[in-house]
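>>> need a structure here:
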Amino acid sequence: MGDHHHGPAKGLSRWLFATNHKDIGTMYLWFSFAMFLVGGAFAMIIRAELFQPGMQLIRPEFFNQMTTMHGLIMVFGAIMPAFVGLANWMIPMMIGAPDMALPRMNNWSFWILPPAFLLLLATMFMEGGGPAFGWTFYAPLSTTYAPPSVTFFIFGVHILGLSSIMGSINIVATVMNLRAPGMTYMKMPLFVWTWFITAYLLIAVMPVLAGAVTMMLMDIHFGTSFFSAAGGGDPVLFQHVFWFFGHPEVYIIILPAFGVVSQIIPAFARKPLFGYDSMVYATASIAFLSFIVWAHHMYTVGMPIAGELFFMYATMLIAVPTGVKVFNWITTMWRGAMTFETPMLFCIGFVVLFTIGGFTGLMLSIAPSDFQYHDSYFVVAHFHYVMVAGAVFSMTAAVYYWLPKWCGKMYNETMGKTHFWISFIGFNVTFFPQHFVGLAGMPRRIPDYALQFADFNMMSSIGAFIYGASQLLFLYNVIATIVGGKPVSDEKVWEGAEGLEWTVPTPAPFHTFSTPPQVR
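Residues are numbered from 1 along each chain as shown. Below you'll find the model as predicted:
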């Protein structure tokens with residue numbers, strides 16, 4: 001497949017055997033965007049069914065498959081690989097390293113993902129249908145009553161966990177060993193810090209997820225009763241094991257987003273990030289606290305009151321370091337020479353909407369209130385405000401911000417701003433009404449609903465189609481930029497307020513490196 005020792009590999013082998021962190025980052029980014037469109041298509045099916053009360057388009061079983069696959073694909077296929085791709089592209093350059101520490105493992109980390117997701121999607125075409133037990137796959141629905149395809153689902157989850165663990169080991173090894181001379185830990189860009197901490201979280205919790213799905217496998221095929229009360233097991237054990245992984249997981253998703261926003265806001269405010277040290281400590285605190293709050297997803301299972309109180313106060317405590325971050329971003333913007341290009345718009349949208357999601361999270365943390373909110377659309381609204389307005393908005397900001405560096409060409413700014421406003425409006429029209437129907441008693445994960453929820457559901461569906469359509473505009477802008485954008489060398493890239501403008505040098509081509517810095 002071509003000689004690997006004379007110049008860059010050409011054609012297919014360049015990507016198949018890629019060991020270059022930029023090529024691997026690029027593949028992660030394109031793969032995650034493809035998964036984003038697949039997961040988005042599933043969401044469109046959900047919202048089309050819920051446009052009106054009564055069963056219109058799909059069978060309830062298929063609706064449950066859609067909610068399950070939408071969640072799994074978005075979390076593990078769209079958001080996580082996108083941030084891993086960002087890590088691959090940016091971390092070596094940000095710390096002055098020639099590449100990632102373990103380039104061959106980096107290649108494998110990526111290439112096991114497409115088969116894993118093909119396996120996951122293939123379950124929908126198997127006998128008995130795909131998984132319809134929700135993205136949290138609670139036992140016994142995912143064990144005793146699951147379709148045969150659950151075995152393939154379990155294998156798929158194992159593979160993507162393996163990918164995450166290898167990618168994280170790579171990031172830790174790179175940050176610890178390949179920093180340029182003088183690049184001390186407290187001089188690292190915040191994006192590097194957030195990913196460094198995130199990598200430790202992944203290494204800690206991915207084996208727990210592997211344990212949960214392995215116990216499922218044993219219950220299904222090998223006669224154990226981990227989650228079966230009939231054999232002396234406990235279905236609530238599944239929830240504890242799952243959420244001990246699942247709660248740190250949501251911070252794994254959001255911490256790199258915090259890192260991105262901490263890079264972009266200072267750039268467009270034209271002043272350094274306020275409170276760098278406190279940002280590092282806040283990130284570490286959030287990571288630590290994420291491990292001791294898991295049962296706040298389980299207030300309704302009949303915990304002892306002491307357990308409820310512990311998890312309630314521990315969860316509320318997370319609001320402190322998170323608040324530190326939000327105030328630091330606002331203080332960074334305060335009296336800065338701000339301009340509002342596309343990346344900055346997405347970051348300000350992030351700060352505002354993520355804060356709303358934080359407040360609804362605080363409401364959900366209160367155990368007696370959560371008895372009312374639990375498994376209602378209020379929860380759906382809450383986590384989309386932190387996942388979509390949090391992770392997806394910041395990831396979009398990152399693409400706009402770094403795309404000129406990645407491909408040496410400038411995107412269409414007007415189209416970028418248009419994408420932001422359509423996304424912003426579509427997102428809020430989709431998810432804000434869900435708070436109301438949730439508080440009024442509409443449960444999650446149902447294909448039909450009572451008449452009193454009709455108006456807000458129609459609004460929600462209209463917003464979803466607007467938001468979905470805006471992503472196609474984004475895709476067009478990115479492709480148009482790569483294929484025919486204006487080169488950025490010696491061009492004024494962003495023209496700011498009061499005549500502030502600066503230039504961006506042409507990025508080095510893919511396979512050229514200066515002499516690697518001496519590693520101490």
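>>> would you map the strands across the stretch 251-400 of the chain?
The residue ranges that make up strands in the stretch 251-400 of the chain, judged by DSSP state E, counting those that start in this stretch, are empty, as it has none.
>>> kindly report the same for the stretch 1-150 of the chain.
Under the criterion DSSP E, counting those that start in this stretch, the stretch 1-150 of the chain carries no strands.
>>> quick one: low-confidence ranges for it?
Of all residues in the stretch 1-150 of the chain, those with pLDDT under 70 make up the ranges 1-9.
>>> which ones are touching the residue lying closest to M338 once chain neighbours are set aside?
Leaving aside its chain neighbours, M338 sits nearest to A269 (5.2 Å; criterion: CB to CB, 6 or more residues apart in numbering). The C-beta positions use only the backbone N, C-alpha and C, and glycine is treated the same way. Under the criterion of CB atoms under 8 Å, 6 or more residues apart in numbering, the contact list for A269 reads T332, M333, G336, A337, M338.
>>> in contact with A132, which residues?
Contacts here follow CB under 8 Å, 6+ apart; on that basis A132 touches E61, N64, Q65, T68, P147.
>>> which one is the second one nearest to, not counting chain neighbours?
Nearest residue to N64 in three dimensions, chain neighbours excluded: A132, at 3.6 Å (CB to CB, 6+ apart).
>>> so how far is H221 from that neighbour?
Counting by CB to CB, to the nearest Å, the gap from A132 to H221 is 20 Å.
>>> same check, this time on I197
Remark: distance between I197 and H221 (CB to CB) = 37 Å.
>>> more crowded one of these two?
I197 (22 against 10; other CB atoms under 10 Å).
>>> ok, and the closest non-adjacent residue to that one?
In this structure, I197 finds its nearest non-sequential neighbour in A287, 4.9 Å apart by CB to CB, 6+ apart.
>>> distance-wise, check that neighbour relative to Y200.
If you go by CB to CB, the gap between A287 and Y200 works out to 7 Å.
>>> between these two, who's got more neighbours?
When neighbours are counted by other CB under 10 Å, A287 and Y200 differ, and A287 comes out ahead with 20 against 17.
>>> wait, the more buried one touches W195, no?
No. Shown here, A287 and W195 do not form a contact pair, counting by CB atoms under 8 Å, at 11.6 Å.
>>> what's the overlap in contacts for these two?
Common neighbours of A287 and W195 (criterion: CB under 8 Å, 6+ apart): L255.
>>> ok, now which ones touch the residue nearest to I197?
Contacts of A287 (CB under 8 Å, 6+ apart): I197, T198, Y200, L201, P248, Y251, L255.
>>> also Y377?
With contacts defined as CB under 8 Å, 6+ apart, Y377 is in contact with Q434, H435, V437, G438, M442, P443, R444.
>>> excluding chain neighbours, what is closest to it?
Nearest residue to Y377, sequence neighbours excluded (CB to CB, 6+ apart): G438, at 3.5 Å.
>>> ok, P189 next?
Across the structure, with CB to CB, 6+ apart as the measure, the residue nearest P189 apart from its sequence neighbours is M94 (4.7 Å).
>>> now tell me what touches stretch 271-279 from outside.
The set of residues external to stretch 271-279 that reach it, using CB under 8 Å, 6+ apart, is 186, 190, 193, 262, 265-266, 324-325, 328, 331-332, 334, 336-337.
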